[in-house]
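S.K.: predicted model and sequence below, questions to follow.
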Amino acid sequence: MEQQAQNAEREPSFEEALAQLRETVQTLEEGNVSLEEATRLLAQGAELARTCNDLLAKAELQVSRIRRNFQGQADKADEPDSLMASPQQDFGMFDDAPR
């Protein structure tokens with residue numbers, strides 16, 4: 001009983017929602033439904049489309065975050081080690097030396 005309640009509350013995966021949306025569209029395109037059923041299917045299809053859109057937006061956000069994190073790590077790897085002194089720091093004592 002508890003498992004059924006959890007499944008009912010669980011948002012479908014993108015693939016599940018897309019498959020249901022395709023079935024809904026196919027049923028509507030066949031045209032063998034009453035006006036009341038067509039209206040219900042249209043509302044269901046709109047909700048499934050919203051779910052797919054939301055899930056895609058979440059995935060895009062995750063990909064953007066991963067790319068930013070990766071780029072930040074790559075940029076850090078390109079920087080000189082903070083423990084190593086820069087050439088100016090190493091040879092700063094020679095700045096006053098004649099050239």
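M.R.: All right, it came through fine.
S.K.: wouldn't Glu11 be in contact with Thr51 here?
M.R.: Yes. At 6.8 Å, Glu11 counts as touching Thr51 under the criterion of Cβ atoms under 8 Å. Glycine gets a C-beta too; all of them are placed from N, C-alpha and C.
S.K.: higher neighbour count, these two?
M.R.: Neighbour totals were compared for Glu11 and Thr51, and Thr51 leads with 19 against 10 (other Cβ atoms under 10 Å).
S.K.: nearest the middle, which residue of this protein would you pick?
M.R.: Centroid-nearest residue in the chain: Ala59, 1.7 Å away (criterion: Cα atoms, centre = their mean).
S.K.: burial check on the residue nearest to Thr27 when sequence neighbours are not counted, number of neighbours?
M.R.: Closest residue to Thr27 apart from its sequence neighbours, by Cβ to Cβ, 6 or more residues apart in numbering: Leu41 at 5.9 Å. Residues lying near Leu41 (other Cβ under 10 Å) number 16.
S.K.: do the same with Gly31
M.R.: Gly31 is flanked by 7 other residues according to other Cβ under 10 Å.
S.K.: and Asn32, what element?
M.R.: Here Asn32 is covered by no helix or strand, with elements defined by DSSP states H and E.
S.K.: for it, give its distance to Val25.
M.R.: Note on Asn32: its distance to Val25, by Cβ to Cβ, to the nearest Å, is 14 Å.
S.K.: quick one: which of those two has more around it?
M.R.: Taking other Cβ under 10 Å, Asn32 and Val25 do not tie; Val25 has more neighbours (15 against 9).
S.K.: for the more buried one, phi and psi?
M.R.: Backbone torsions for Val25, taken as degrees, to the nearest 10, come to phi -60, psi -40.
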